[in-house]
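1. show me how the following folds:
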Amino acid sequence: MTSINKSLGSGILYTALARYSGIFFSIFIGAVLARLLSPEEFGIVALVTVFVTFFNLLSNFGIGQAVVQNQSLTDDDVQSIFSFSILLGFLLAGLFFFAAPFIARFYNESELTNISKWLALSVLFNSLQIIPKAIFQKALKFKQIGILTIIVQVTCGIIAIILAYRGFSYYALVVQSILNGLFTLIIFYYWAPIKIALIIKKESINKIIRFSSFNFLFNLINYFSRNGDNLLIGKFLGSAQLGFYDKSYRLMMLPVQHLTHVITPVLMPVLSKYQDDKEVVYNTYLKVVKILATIGFPVSIFLFFSAYEIINIVYGPQWNQSIPVFKIIALMIGIQMIYASASSVFLAINRTHLLFYYGLIGATLLLSGISYGVFIGKTLEAVGYGLLVAFCLNFFIVFYMLIHIALNKSFFNFLKIFLFPLMISLTMAGPLWFYSKYETNNIFYNLALKLVISCITFGLMFLSKRENRNIIQMGIKQYINKA
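-> Next comes the predicted model:
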């Protein structure tokens, strides 16, 4: 356990440093672009992004994670798999380029033709970087990955801001996407060069085909369930409504990405090395879930009561139509954070067939929730409520399959770990609700005071548990001893 805790802790530390130092840049870049571009301009690019994401999924085909999970691959195998990914990338990028007129016709937006043709480059570059990046992850080089990711994020963001300021409209976002893929490819390939083999060996592909196939099918299903909202809202409610929804969803996903994605990129490579010891995997994962729940549930409550201030401060009053749906989907943050970590465990223990099954069930629930919002409620708020109910139902199904079926542990005992995080969240909600009845007209003052209230309430509740006090005391003692 010492070895796995060390690898997991080190990986999380460096990934966290990279993620959290990137939060400021991400929010700043998004805030500046939101003031330079209109909701319609964001919505136009969001329409095509749905298809870009789909083609990126096809180009991955689950081979990146297969390379990370499989511990028996030789250098020749990796070369052969890389060559396969290159061929697949060029084929799909070409297909995306020629599909541009059909994408534009689907949405009845003629300008999408040129946008889609340019974004074919993004599809190509994202495909070519898959294997070099997987080599980094397999070697547990999380520090380097974090640093490189921030460099690319900041560089591309600055370029997008300059282009938007100079009047390039939505092409600023297009160029940002293309350069993100290109720079990432160049950097990862420079640090992890892979020889391109002239022959794709069947035996090399066979080593990963079962794992990658089930993983691909899960990702394919997950794509339609996660992007069904963008497809349906863009088609039936319009690009402006999609712009408001997209901003709300992206803002909601910031804490999910910057908290969950600190852990999950580390979780799968580390647990893969202990995939045959379910006891180690379960105990390690239990610690991860406790952390995610303790942070995620209170964050959901804080963002729910601070939606007005956050939207106005970050994006400006022109985005106020995003507030109602943001409040609703903010309640999903805690569930999303924990839910997002489950796939890493399924992949690590090579139970990709179960991953596929839960993806199928989840897609049905999520698409049902989205369809309710678009076709019955016909509002963004209705979409939010549909997603919230679907995610809650899906949460129980996924973790029953993971804990009880895959890891052979008690699902009821697993659920007990959520009692304390829920208690913290409900305790926070009381004073925040009370203050919201008497808040001032100064949004900066309101947000600051709500943050103080949340931190004090969280701190008192967290320290009320002896286990947490002991952890802090041990941390202080270790720091003093090292000093």
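
2. right, and Gln321 touches Tyr245 too?
-> No. Applying Cβ atoms under 8 Å, one finds Gln321 not in contact with Tyr245, separated by 9.4 Å. Bear in mind the C-beta positions are built from the backbone N, C-alpha and C, glycine included.

3. what do the two both touch?
-> Leu380 (Cβ atoms under 8 Å, 6 or more residues apart in numbering).

4. low-confidence ranges in the stretch 51-200 of the chain?
-> Within the stretch 51-200 of the chain, the segments meeting pLDDT under 70 span 140-143, 198.

5. grab the nearest non-local neighbour of Tyr315.
-> Among residues not flanking Tyr315 along the chain, Ala34 sits closest, at 4.2 Å (Cβ to Cβ, 6 or more residues apart in numbering).

6. report the contact partners of the one you found.
-> Phe42, Lys247, Val314, Tyr315, Gly316, Trp319.

7. also Phe51?
-> Applying Cβ under 8 Å, 6+ apart to Phe51 gives the contacts Phe96, Ala99, Ile103, Ser116.

8. return the closest of the contacts of Ala34 with respect to Ala172.
-> Closest to Ala172 out of those is Phe42 (10.5 Å), distances taken as Cβ to Cβ.

9. just the element for the nearest residue to the closest one once chain neighbours are set aside, please.
-> Spatial nearest neighbour of Phe42, chain neighbours left out: Gly243 (4.5 Å); criterion: Cβ to Cβ, 6+ apart. In the assignment (DSSP states H and E), Gly243 maps to helix 239-255.

10. could I get the CA-only coordinates of that helix as CSV?
-> This file holds the C-alpha atoms of helix 239-255, laid out as CSV (Å, rounded to 0.1, in the frame of the first residue of the first chain):
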residue,chain,number,x,y,z
SER,A,239,-27.8,28.8,-31.4
ALA,A,240,-28.4,31.7,-29.0
GLN,A,241,-29.9,29.3,-26.4
LEU,A,242,-27.1,26.9,-27.0
GLY,A,243,-24.7,29.7,-26.3
PHE,A,244,-26.3,30.4,-22.9
TYR,A,245,-26.5,26.7,-22.1
ASP,A,246,-22.9,26.0,-23.2
LYS,A,247,-21.5,28.8,-21.0
SER,A,248,-23.5,27.5,-18.0
TYR,A,249,-22.4,23.9,-18.6
ARG,A,250,-18.7,24.8,-19.1
LEU,A,251,-18.7,26.9,-16.0
MET,A,252,-20.3,24.1,-14.0
MET,A,253,-17.7,21.7,-15.4
LEU,A,254,-14.8,23.9,-14.2
PRO,A,255,-14.7,22.5,-10.7
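
11. packing partners of it?
-> helix 2-36, helix 39-60, helix 202-236, helix 278-305, helix 307-314, helix 323-330, helix 333-348, helix 380-399 (3 or more Cβ pairs under 8 Å, 6 or more residues apart in numbering; DSSP states H and E).

12. please repeat the previous calculation with a cut-off of 7 Å.
-> Applying 3 or more Cβ pairs under 7 Å, 6 or more residues apart in numbering; DSSP states H and E, one finds that helix 239-255 makes contact with helix 39-60, helix 202-236, helix 323-330, helix 380-399.

13. same list (these) but as JSON lines, adding distance to Gln69.
-> Formatted as JSON lines, these follow (distance: least, Cβ to Cβ, whole Å):
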{"stretch": "helix 39-60", "distance to Gln69": "14"}
{"stretch": "helix 202-236", "distance to Gln69": "6"}
{"stretch": "helix 323-330", "distance to Gln69": "32"}
{"stretch": "helix 380-399", "distance to Gln69": "19"}
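
14. nearest to Phe305, of the ones you listed?
-> Closest to Phe305 of the helices and strands packed on helix 239-255, according to Cβ to Cβ: helix 323-330, at 8.5 Å.

15. what packs against the closest one?
-> Helix 323-330 is packed against helix 239-255, helix 278-305, helix 307-314, helix 380-399, with contacts defined by 3+ Cβ pairs under 7 Å, 6+ apart.

16. name the SS class of the most centrally placed residue in the chain, please.
-> Of all residues in the chain, the one closest to the mean position by Cα atoms, centre = their mean is Gln257, 4.5 Å from it. Three-state assignment for Gln257 (DSSP: H, G, I helix; E, B strand; the rest coil): helix.

17. make 297 the starting number, not 1.
-> Yep, numbering from 297; the last one is Gln553 now.

18. for it, give its distance to Ile323.
-> For Gln553, the distance to Ile323 equals 12 Å [Cβ to Cβ, to the nearest Å].

19. before we move on, what about Asn476?
-> Distance of Asn476 to Ile323, computed by Cβ to Cβ: 17 Å.

20. kindly report the same for Gly385.
-> With the distance defined as Cβ to Cβ, Gly385 ends up 32 Å from Ile323.

21. with neighbour numbers in mind, choose between the two.
-> With neighbours defined as other Cβ atoms under 10 Å, Gly385 and Ile323 compare such that Gly385 has more, 23 against 16.

22. surely the more buried one is in contact with Ser355?
-> Yes. Counting by Cβ atoms under 7 Å, Gly385 does reach Ser355; the two are 5.1 Å apart.
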